Every structure is written in structure tokens, then in C-alpha cells.
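Asker: quick one, what's the 3D model for this:
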Amino acid sequence: MDTSVYQIIFFLENFSAEFLSLLTFIVCTIAILGMLRFYGAIGLCVYNAVAILIANIQVLRLAKFGFSPEPVALGTVVFATTYLVSDILVEHYGAKTAKDSLWMSFISQILMTVIMILTLGHTPLPEDIEILETTSEANTTYLSMVKLFAPSPRLLFASLLAYVISQLFDIWIFQKIRDLSHNRFVWLRQNVSTFLSGLLDSFIFSYMAWVLLSPTPISFYTLMISYVLGTYFLRLIVNLAGTPIIYLSYFMVRKP
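Answerer: Here you go, the predicted structure:
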């Protein structure tokens, strides 16, 4: 029983990064529609908060995709679905609810960071001979947790700033197109808002992290090619795949 999760992981390693990304998107889609169906706006707010935490951990894992000559950080698929959820919230519950979800996600990330820093502040166990095996395992776990939950202030600040600005823009442009089109063309407002907000998020984060706040700034060309556009192709695919999901959301919303 204890090794079953490892067996699943070893089995999944036989598949390509593209297939696993597709599987991740399907799982996220089922979760989004299920949370919407059973818990409404509250369920989607919970999903967004959890997705942000997951994406910021996934980004530490690199994978090889066929469309990129360089390894690509994971987290893009899960992170991109939060913009889809914001659009669904605006569509069915209004812009204010979508903004509430944004700030809940923001606070969740800050809260987890603070609590995990306090957790890591506990002194590692001394090398007690009588419990040597337990001590060694605990300290190994501690070092792993440091890598996962002790963020670079520069990257954390850039990530949170980019997320807030791009999400607010996504909510605004979605609502604006909805008003101008008199509530028609759901596909148009969903794609335009996620395409533009995704590009804005990638640019703000990359510029803040690798140019403005970096001790060794990179060139603007490298910034755009390697960091901004490097993962944007995957975000475009997720955004396009999200179009039928927002239509399906109409069948999942409970009538008052």
C-alpha cells in the first residue's frame, strides 16, 4: 500500500510531457466543473486558491516538451486555468466575485509562505544515535521542504505582482467585451481576455524577475524569446481548450 503512489509515478514516467499536461488539464477541468456544480462561486474561489499554491510548487519541476529546445518549467497548465475560472466567475456571478476570488488566492499564497517559513524556522533534529534513522529521514525532509517553501523574495514579489495585475486586467477586459457585445460572443471575450492577460502576466513576471530586480539583468531580446514567449505557446493551447469549458459551465450552474 505504501508504495502504490510511487508505482503510479513510475508508470506515468512512460508518457510524454504533452500527454501528462493534457491529463492535468482534464483533471483541472473536471475539478472546475464539479466545484461549480456542487458549490457554485465558493467552489471556484477554493479551486483558484488551491491552483495558485499548486502552480507555484510545480514551477520548480522542469520537463522536456517537443515544442521547446530547452526544458520548460511546469505549472503553466494549472496556472492558466485560474484565468478561465475568473472568466467563469465574471460570466455567472459578476466581476466583484471574480475579484474576491483573486484576493483570496493572493492571501492564500501569502499565508502559506508565512506559515511555511515559521515551520522551517524550527531547528533541525540533532543527530541522536538512538533514533538515527528517524532523525536522518526527518532532516532530509526538512532540506526538501526548504527547497519547496523557502521562496526567493524577488521571484515571489514578481509572481504575486504579475498575478494581481494580469488577473484584474483579465476581469476588466472580459467584462468590457461582454458589455460592448451585449452579452454575445462568449468565445470572443474568453479568448481575448485570457490571451492578453496571459501575455501581460508573462511579461510583468519575467521583466521584474530577470531584468528590473535581477542582480544580473538579461537582454530584452532574451527576455521576450526565452521567458515571455517560451511558455506562452502552452498557455495559448490551454486558453483555446478553455473555450468549450466556459460553454459547459452554463449547464453546471445551479438555477436559483
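Asker: would you map the strands across this protein?
Answerer: Using DSSP state E, the strands of the chain run over residues 62-63, 72-73.
Asker: hey, least reliable of these by pLDDT?
Answerer: Ranked by mean pLDDT, the strands of the chain end with strand 72-73 at the bottom, a mean of 76.
Asker: which one of the strands of the chain lies closest to Ile42?
Answerer: When the strands of the chain are compared by CB to CB, strand 72-73 sits nearest Ile42, at 30.5 Å. The way it works is simple: take the backbone N, C-alpha and C, and place the C-beta from them, glycine included.
Asker: where does the chain have low pLDDT?
Answerer: Applying pLDDT under 70 to the chain flags residues 1-2, 125, 127-135, 226, 230, 256.
Asker: residue nearest the centroid of it?
Answerer: Phe79 (2.3 Å; CA atoms, centre = their mean).
Asker: was I right about that residue contacting Ala51?
Answerer: Yes - counting by CB atoms under 8 Å, Phe79 does reach Ala51; the two are 7.0 Å apart.
Asker: what's the burial count for Leu143?
Answerer: Counted with other CB atoms under 10 Å, the neighbours of Leu143 add up to 9.
Asker: follow-up on the earlier one: tabulate the strands of the chain in JSON lines, adding columns for mean neighbour count.
Answerer: Formatted as JSON lines, the strands of the chain follow (neighbours: other CB atoms under 10 Å):
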{"stretch": "strand 62-63", "mean neighbour count": "13"}
{"stretch": "strand 72-73", "mean neighbour count": "16"}
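Asker: between those strands, which one is nearest to Cys45?
Answerer: Short answer: strand 72-73, nearest of these by CB to CB, at 25.8 Å.
Asker: the closest one packs against which elements?
Answerer: strand 62-63 (3 or more CB pairs under 8 Å, 6 or more residues apart in numbering; DSSP states H and E).
Asker: contacting residues around the strand it packs on?
Answerer: Strand 62-63 is contacted from outside by Ala17, Leu20, Pro71, Val72, Ala73, Leu74, using CB atoms under 8 Å, 6 or more residues apart in numbering.
Asker: ok, the residue lying closest to Val146 once chain neighbours are set aside - contacts?
Answerer: Excluding its sequence neighbours, the residue lying closest to Val146 (CB to CB, 6 or more residues apart in numbering) is Leu120, at 5.9 Å. Leu120 sits next to Tyr142, Met145, Val146, Phe149, Ala150 when contact means CB under 8 Å, 6+ apart.
Asker: how about 7 Å then?
Answerer: Met145, Val146, Phe149, Ala150 (CB atoms under 7 Å, 6 or more residues apart in numbering).
Asker: again with Met208
Answerer: With CB under 7 Å, 6+ apart, Met208 has these contacts: Ala158, Leu161, Ala162.
Asker: quick one: Tyr142 from Leu156, how far?
Answerer: 20 Å (CB to CB, to the nearest Å).
Asker: with His182 instead?
Answerer: Distance, His182 to Leu156, using CB to CB: 41 Å.
Asker: neighbour count for the two, which is higher?
Answerer: Leu156 (15 against 7).
Asker: find the nearest non-adjacent residue to that one, please.
Answerer: Thr113 (6.8 Å).
Asker: hmm, that neighbour is touching Ser152, no?
Answerer: No - the criterion here is CB atoms under 7 Å, and Thr113 misses it with Ser152 at 11.3 Å.
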